[in-house]
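# Please work out how this folds:
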Amino acid sequence: MKRNLLFLFLVMFGFGLNAQLTVPEGAEATSSTDDTSFDFNHHFLLQNETSDQINVYWEILLDDNFPEEWETYLCDKNLCYTKFVRNCPENMINEFMPGDESEWMFHILPKGVVGEGTACIRIYYPDMDSAFVDHCVDLSLTANDVTDIDISQVSLYPNPTNDIFQVKSDDYVKVIGVYNVVGKQVAEMNHVAGQSHNIEQLKKGMYLVRLMDETGQIIKTMKLSKR
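Residues are numbered from 1 along each chain as shown. Take a look at the predicted model:
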């Protein structure tokens with residue numbers, strides 16, 4: 001299922017009161033590709049231009065439109081974190097001595113899924129009465145000629161389920177992966193149109209079900225509740 005994907009990438013900035021780390025102004029970039037594993041790798045610089053030490057934490061905030069399938073991860077002054085880490089660990093504070101600067105990297109992996117949303121890295125100053133800086137990425141991913149499948153019609157049913165689920169509009173679904181809330185794969189099954197799948201062996205709770213085509217490309221990822 002080949003797709004011609006158009007990516008629009010816009011960086012925006014919002015500054016909290018009394019912010020003391022400087023961030024260079026953003027830029028616009030446009031890219032066209034048929035690589036559905038495209039990785040947006042955005043670099044931005046934090047610099048302490050004061051004569052004092054500044055300590056900062058961060059948090060990744062996603063708006064309501066941000067697709068569940070898209071993955072994000074951040075590399076700060078200390079470490080590159082996995083996609084499941086949305087908050088700076090308390091024991092990994094970023095220390096900026098006077099004159100220090102650090103290049104941070106923020107990644108968004110759309111996984112070939114069409115959609116749009118905004119992700120913000122909120123940088124907190126715990127020594128400055130909750131002052132913060134928001135560094136935001138507004139991303140839109142559109143497909144120019146996806147004519148073989150209507151993503152909006154693909155769904156899981158029944159949902160919630162006790163044991164069995166099926167896929168609606170599943171003509172292109174060939175492999176199904178089931179993941180727990182921390183991203184660990186707990187089941188994988190091959191699929192043919194109209195087939196039912198049994199998850200009776202799984203514990204009660206919320207799961208992510210990833211539907212893939214015959215090439216391994218992700219068609220859609222959805223939540224499934226097991227009762």
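
# Name the residue closest to the centre of this structure, please.
The centroid of the chain falls nearest to residue 71 when counting by Cα atoms, centre = their mean (2.6 Å).

# what residues does stretch 176-195 touch?
The contact list for stretch 176-195 (Cβ atoms under 8 Å, 6 or more residues apart in numbering) reads 83-84, 166-167, 170-171, 173-175, 197, 199, 202, 205-212, 224. Using the backbone N, CA and C atoms, a C-beta is placed for each residue, glycine as well.

# among the residues you listed, which are in strands?
166-167, 175, 197, 205-212, 224 (DSSP state E).

# Kindly reformat the residues you listed as a markdown table containing pLDDT and neighbour count.
As requested, the ones in strands among the contacts of stretch 176-195 are arranged in a markdown table below (pLDDT from 0 to 100; neighbours: other Cβ atoms under 10 Å):
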| residue | pLDDT | neighbour count |
| --- | --- | --- |
| 166 | 96 | 16 |
| 167 | 96 | 23 |
| 175 | 94 | 17 |
| 197 | 97 | 18 |
| 205 | 92 | 11 |
| 206 | 90 | 11 |
| 207 | 92 | 20 |
| 208 | 88 | 18 |
| 209 | 91 | 20 |
| 210 | 88 | 19 |
| 211 | 89 | 21 |
| 212 | 86 | 20 |
| 224 | 93 | 20 |
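
# Quick one: these as a markdown table, columns for distance to residue 124 too.
What follows is the ones in strands among the contacts of stretch 176-195, written out as a markdown table (distance: Cβ to Cβ, whole Å):
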| residue | distance to residue 124 |
| --- | --- |
| 166 | 45 |
| 167 | 42 |
| 175 | 41 |
| 197 | 43 |
| 205 | 31 |
| 206 | 29 |
| 207 | 32 |
| 208 | 29 |
| 209 | 35 |
| 210 | 33 |
| 211 | 37 |
| 212 | 38 |
| 224 | 35 |
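
# what's the closest of those to residue 114?
residue 211 (14.1 Å; Cβ to Cβ).

# Please identify the residue most distant from the middle of this protein.
residue 51 (36.2 Å).

# in this structure, which helix or strand is least confident?
Using mean pLDDT, DSSP states H and E, strand 28-33 stands out as the lowest-scoring helix or strand of the chain, at a mean of 37.

# what residue ranges in the chain score low on pLDDT?
Along the chain, segments meeting pLDDT under 70 span 1-39, 112, 129-130, 142-149.

# mind running it again at 80?
By pLDDT under 80, the weakly predicted segments of the chain are 1-42, 111-116, 127-131, 133, 139-152, 181-183, 215-218.

# what helices or strands is the longest strand along it leaning on?
Counting by DSSP E, the longest strand found in the chain is strand 131-143. In terms of contacts (3 or more Cβ pairs under 8 Å, 6 or more residues apart in numbering; DSSP states H and E), strand 131-143 is packed against strand 5-15, strand 40-48, strand 101-109, strand 115-125.
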